[in-house]
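> Structure for the following, please:
(4 chains)
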There are 4 protein chains.
Amino acid sequence: MTSPSRVEQPLFRSEVLADNPLGDPATRPVPVYLPPGYDDDPARRYPVIVMLTGYGGTGPLLLNLRAWDESLPQQLDRLIGSGAMPPAIVVMPDCWTRYGGSQYLNSSALGRYEDYLVHEIVPFVDAQYRTLPDRAHRGVVGKSSGGYGALVQAMHHPEVFGAAACHSGDMYFEFCYMGDIAKLHANLASYGGWEKLRDDLLTIRPKDTRFYQTMGTLCYGMAYAPDPDAADGFALPIDPDTGALDEAVWERWLAHDPVRKLDSAECRAALDSLKLLFIDAGARDEFNLQVGARVFTRKLAASRIAHEYEEFPDGHFNIHYRYDVSLPKLSAALQP
Amino acid sequence: MTSPSRVEQPLFRSEVLADNPLGDPATRPVPVYLPPGYDDDPARRYPVIVMLTGYGGTGPLLLNLRAWDESLPQQLDRLIGSGAMPPAIVVMPDCWTRYGGSQYLNSSALGRYEDYLVHEIVPFVDAQYRTLPDRAHRGVVGKSSGGYGALVQAMHHPEVFGAAACHSGDMYFEFCYMGDIAKLHANLASYGGWEKLRDDLLTIRPKDTRFYQTMGTLCYGMAYAPDPDAADGFALPIDPDTGALDEAVWERWLAHDPVRKLDSAECRAALDSLKLLFIDAGARDEFNLQVGARVFTRKLAASRIAHEYEEFPDGHFNIHYRYDVSLPKLSAALQP
Amino acid sequence: MTSPSRVEQPLFRSEVLADNPLGDPATRPVPVYLPPGYDDDPARRYPVIVMLTGYGGTGPLLLNLRAWDESLPQQLDRLIGSGAMPPAIVVMPDCWTRYGGSQYLNSSALGRYEDYLVHEIVPFVDAQYRTLPDRAHRGVVGKSSGGYGALVQAMHHPEVFGAAACHSGDMYFEFCYMGDIAKLHANLASYGGWEKLRDDLLTIRPKDTRFYQTMGTLCYGMAYAPDPDAADGFALPIDPDTGALDEAVWERWLAHDPVRKLDSAECRAALDSLKLLFIDAGARDEFNLQVGARVFTRKLAASRIAHEYEEFPDGHFNIHYRYDVSLPKLSAALQP
Amino acid sequence: MTSPSRVEQPLFRSEVLADNPLGDPATRPVPVYLPPGYDDDPARRYPVIVMLTGYGGTGPLLLNLRAWDESLPQQLDRLIGSGAMPPAIVVMPDCWTRYGGSQYLNSSALGRYEDYLVHEIVPFVDAQYRTLPDRAHRGVVGKSSGGYGALVQAMHHPEVFGAAACHSGDMYFEFCYMGDIAKLHANLASYGGWEKLRDDLLTIRPKDTRFYQTMGTLCYGMAYAPDPDAADGFALPIDPDTGALDEAVWERWLAHDPVRKLDSAECRAALDSLKLLFIDAGARDEFNLQVGARVFTRKLAASRIAHEYEEFPDGHFNIHYRYDVSLPKLSAALQP
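Residues are numbered from 1 along each chain as shown, chains lettered A, B, ... in the order given. Here you go, the predicted model:
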């Protein structure tokens, strides 16, 4: 009989997050899903899938139970148990910050989360578990800001990741971010200004759509337009007086847009080297990410970069069931 | 140095839930929070607080992490660690059903969850942990349907519970349920009728407000108006053709309304015997439960039953921070 | 060639509204639609249809133009011009009060709008225009509170009205009003209490859903439970301290419910005497009036009172296109 | 005693709208408000204020009565009657099209509404009424798309208008339009595509926020990017396959943005020649127009163009009470 899956959460003490600017913890648990059978054959090694969460989420939150639904470990058990997905180790790193995320980038405002992910978490997992410790057997997946992270990390680190899946990932920034940037000045005013929002962050109730709209936009800006010399380490995307777009800062955002990053030969080469590149988006995505996904995948096609694209009849939220599509493909592509 | 708190989840195999009508699991984990210091003095025994969740929730879900907020164990650690709350064992039983809850009652439609709670879980915890195993040191608390459960279980089982706290609990059914009953026929039609809703339950997306409004009303009806001879074991509160209120079934609901149950001398005596009876509600409760709480507490006062009542400036949702008020009071009342 | 239709708005000075308690105008324009051809044959007389508006509306507002849609006179022109509806005079009385309506009843809080309608407006129109001045050729129609008015006036005044049509009319008060009554206390609190709402009425912005929910409920109560001895001339349906239902006042409301009024032999006889009784409701009515319509029409059937009932696939708002169904039937039934 | 105000609606047969591409009427009523006293002194001439409505509205709709509020003629009566506003003739032209508006521009898709307004309506009113028929005594005002129209017509036609007021006018198109353009592809899909939306236009129910968002965006595009060679006479702002922004078309939109038009010396000179230039916006404008207004007025200030700017604590809708501020200023500036 196959041994059941289990989740371990070893504590990892980060060096790159030591002295991070927000004082967020440098020592964090690293949730690792070990598939059914892991304990049965001490010689067997497994592919690794790194799963990145969306804004406002974090790896350990993926372990949460859900009413009338599966947690991620339950979903993995079903996919692997049914034979749909070959077994893999799944890592759910915590790249959360006080401001709700990091876009998995290095930033003077937030911390060095790209380094944390690639140079610390990946080696730590390889050291602790029986992984197949090379890019051919390591993939990255996520949705929303996690989909963004999966795509960008695959672009930046072909030596680390050999396959990637991006669900409803942030891209084509004009369409996914501009609407919220346009409201940023009024939203900040509704919280009494940025400094007050910053200081009251933890006690603000409710953490509603307006809160996510405001804090998310700020946090993306901390990731895309860090500025070590500025107060709080980043450049606002708007003129603080009028609320108008700061074009220079906006250009810095756009440089991080996956659609624009395809203009880089290095990024294209990285994606072209993947064993699998899977992209999807909901046809009614509230952030219009299906438009971005179409623009992105057409640009991939124009560069003859192999990929799979699916559009599904839903919006942006509560779409973790889409992992039923990507995880089997990813794991199959990463098998030895 | 004090040993840290921990959560255990021993599996308990229920006899009263064996052969429950919905085929829900009879063996479930029972989350138990053991306070800081539990491991330090093997002779020390602790009061027990049983925490009941609202509709759509379940004990194990209380362990979930929260973005920008505390999980229940983190909240307990803070309250106990600061000295605000004397240490106690907190039990988070799983009284979930396929239909999202049980109101902690026995029902031919759902199962015998009152018996499960009182006759199985409470003794099991007393047997497994170093509790103070008597009513003087055992309390019950919850919010929404869990607040209802806390109040009603305290009324039914004074031999078991010596203190109770009810946050925003279901009561004064005309005001909290009638609005949703009035929409039940149209809501069922939107799902293709009850049988189809029942069969599609797990795959319906999204599980939105309409879903909770519909399924919640049905589930309350299963708890309040069970009928072993009816299809699915319960009587609908409406005429299935017109959608009009079924007055006879509605009377059966009302018999479970805490406001009406105060007309029973036994229930009054049970509440009067408590060391603490705490009730609160939000002044903007979306289900108008603050009106019910006022009616209920005025009726308590008229019967000279001691209680504390607070009204807080919020609505019905995301009010777990209110446990900061009730848990310290409860634990203090239950200390030896 | 047929002369075109026109709308006149003669001023009528009411005696029954003189000294009305709210100081609303006693002299008001009475919009009268004269059909195409009215000016062609000075001997021809026409049936009269009295159209009653919903809460928050008034006869003259029916003349308003609509973006991408017809005004009522334009709709009448089309129906009559196409031959679908035989020509009739249509009267749109103004039974508005400072509080948004009157339910077309006499009330110490609002004024004597039933008397105004039946004893003043109807004779005035008969005197001013070439009507067929008897019940056989006079009908009443309306939607929402106007549908309520049409039904109740037909019950009260068979000597005046020989046909009636009720679109989505207020009935089965448990389902259409209880939800808003349950919120009345909190809603009043949000406006700083009734006296403040009363005094700030005209300047409150926005007049949103909450405003209509609050002021509508109060206004219905002024119509259904007048009390000359009370402040402001009516009894609140709730306890002003707790917000709980005042059962005695609620019984007074229920006495005005068309469903209950069918228990009166006089009301039944009045409806039974009509040449046409048409009733409809939207299957998704936001106030659940389709349930009331089903209850009402089943009760009609049980009393063998002839009627027509239609349920249409829409909600409560923007359903003036339903007059396309009722007005041709009404006018045909009233032709000489 | 002063004679009361009155509204006339003379029919005007347009030549420039003859054969307009949508087959909209070329003969339309022209609502003209004649102030109190107009009939008392046959020698007295009055300034003229042209009022332009927002998208989805039209001049004659301004005459509509409002529940609990004033119609525009009632508002004018109050302002003039109290002495706050010197008497003026107010014209409410109908520049409506089948698609809900025209932005008061000439377009191959919609018709020549700028010519209609400036070369036909203005002279017609001067010919029919005792106006002061020169730019020194003629102003233009509006809100939303009507505010846009007021500003742009004042820029284009300094020989016609000597004062202008713009309430919450469309400007800084990145912030006011981009959000809706990003949703246009999905919105069109929800209506079955543009051709189907076009053909079903009149019967689509409800005309809700999505409808206005979709049809408004299309209509602005018809005004800003007409293309006589294209189907339906205009260029879509998006790629019809992917929904991505068509940058070339977008540049054509931007050329109509009041903020960009300030780069034209002619436009600046026109505004600089005004006796009054009044601009306002709500601090919570749902289309972020307060940001645009700040950008615009700062650019005015940089060019030393005199103007008044107010920001008021409200959103975009139901703000006709703001005419209480602009109309007295306008009329005073235009007095002889």
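
> Quick check, central residue of chain A?
Centrality entry for chain A: nearest residue to the mean C-alpha point is residue A:146, 1.8 Å, by Cα atoms, centre = their mean.

> Can you classify that one as helix, strand or coil?
With DSSP: H, G, I helix; E, B strand; the rest coil as the basis, residue A:146 sits in helix.

> right, is the top helix by length along chain A up against chain B?
Criterion DSSP state H: the longest helix present in chain A is helix A:209-224. No - figure legend: helix A:209-224 not in contact with chain B (Cβ under 8 Å from any Cβ of the partner chain); closest approach 9.0 Å. All C-beta atoms are positioned from the backbone trio N, CA, C, and that covers glycine.

> Just the buried positions in that helix, please.
A:211-212, A:214-224 (16 or more other Cβ atoms under 10 Å in any protein chain shown).

> what residues does stretch A:124-131 touch?
A:10, A:12, A:30, A:32, A:34, A:38, A:42, A:44-48, A:89, A:91, A:133, A:137-138 (Cβ atoms under 8 Å, 6 or more residues apart in numbering or on different chains).

> Now render the buried residues of helix A:209-224 as JSON lines, adding distance to chain D and pLDDT.
Output for these, formatted as JSON lines (distance: Cβ to the nearest Cβ, whole Å; pLDDT from 0 to 100):
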{"residue": "A:211", "distance to chain D": "16", "pLDDT": "97"}
{"residue": "A:212", "distance to chain D": "16", "pLDDT": "97"}
{"residue": "A:214", "distance to chain D": "14", "pLDDT": "98"}
{"residue": "A:215", "distance to chain D": "19", "pLDDT": "98"}
{"residue": "A:216", "distance to chain D": "15", "pLDDT": "98"}
{"residue": "A:217", "distance to chain D": "13", "pLDDT": "98"}
{"residue": "A:218", "distance to chain D": "17", "pLDDT": "98"}
{"residue": "A:219", "distance to chain D": "20", "pLDDT": "98"}
{"residue": "A:220", "distance to chain D": "16", "pLDDT": "98"}
{"residue": "A:221", "distance to chain D": "16", "pLDDT": "98"}
{"residue": "A:222", "distance to chain D": "22", "pLDDT": "98"}
{"residue": "A:223", "distance to chain D": "21", "pLDDT": "98"}
{"residue": "A:224", "distance to chain D": "18", "pLDDT": "98"}
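
> which is the next helix or strand following the host helix or strand of residue A:115?
Using DSSP states H and E, residue A:115 sits within helix A:113-115. On the C-terminal side of helix A:113-115, the closest following helix or strand by DSSP H and E is helix A:122-128.

> The stretch 151-300 of chain A: helices as residue ranges?
A:173-176, A:178-182, A:184-190, A:194-200, A:209-224, A:247-254, A:258-261, A:265-272, A:289-302 (DSSP state H, counting those that start in this stretch).

> quick one on the thing from earlier: nearest spatial neighbour of the residue nearest to the centre of chain A, chain-adjacent residues omitted?
Once flanking residues are discounted, residue A:146 sits nearest to residue A:52: 3.5 Å by Cβ to Cβ, 6 or more residues apart in numbering or on different chains.

> Can you pull the residues of chain A lying near chain D?
Residues of chain A that fall close to chain D, judged by Cβ under 8 Å from any Cβ: A:172, A:174-176, A:178-179, A:182-183, A:185-186, A:189, A:241-245, A:283-285, A:288, A:290-291, A:294-295, A:298.

> cutoff 6 Å now
By Cβ under 6 Å from any Cβ of the partner chain, the part of chain A that sits against chain D consists of A:175, A:178-179, A:182, A:186, A:242-244, A:284, A:288, A:291, A:294-295.

> Stretch A:293-310: which residues count as buried?
Quick answer for stretch A:293-310 (16+ other Cβ under 10 Å): A:293-300, A:305, A:307, A:309.

> Nearest to chain B among the residues you listed?
residue A:293 (20.4 Å; Cβ to the nearest Cβ).

> before we move on, the earlier item: how about the buried residues of stretch A:293-310, which pair is most distant?
Greatest spacing in the buried residues of stretch A:293-310, by Cβ to Cβ: A:294 and A:305 (15.0 Å).

> Tell me how far the residue in chain A positioned nearest to chain B lies from residue D:113.
Chain B sits closest to residue A:64 of chain A, with a gap of 4.0 Å, by Cβ to the nearest Cβ. Distance, residue A:64 to residue D:113, using Cβ to Cβ, to the nearest Å: 57 Å.

> These two: who's more crowded?
Legend: neighbour count by other Cβ atoms under 10 Å in any protein chain shown for residue A:64 and residue D:113, higher for residue D:113 (28 against 16).

> what about the more buried one, distance to residue D:259?
Distance, residue D:113 to residue D:259, using Cβ to Cβ: 22 Å.

> show me what contacts the residue lying closest to residue A:290 once chain neighbours are set aside?
In this structure, residue A:290 finds its nearest non-sequential neighbour in residue A:281, 4.0 Å apart by Cβ to Cβ, 6+ apart. Residue A:281 makes contacts with A:168, A:289-290, A:293, as judged by Cβ atoms under 6 Å, 6 or more residues apart in numbering or on different chains.

> Tell me the most packed of the residues you listed, by neighbour count.
Most surrounded of the contacts of residue A:281: other Cβ under 10 Å gives residue A:168, at 32 neighbours.

> circling back to that earlier point, so what touches the helix holding residue A:115?
A:16, A:95, A:102, A:104-106.

> give the contact list for the residue nearest to residue A:119 when sequence neighbours are not counted.
Leaving aside its sequence neighbours, residue A:119 sits nearest to residue A:16 (Cβ to Cβ, 6+ apart; 6.9 Å). Residue A:16 makes contact with A:112, A:115-116, according to Cβ under 6 Å, 6+ apart.

> The same query, at a cut-off of 7 Å, please.
Counting by Cβ atoms under 7 Å, 6 or more residues apart in numbering or on different chains, residue A:16 touches A:112, A:115-116, A:119-120.

> repeat for residue A:263
Counting by Cβ under 7 Å, 6+ apart, residue A:263 has no contacts.
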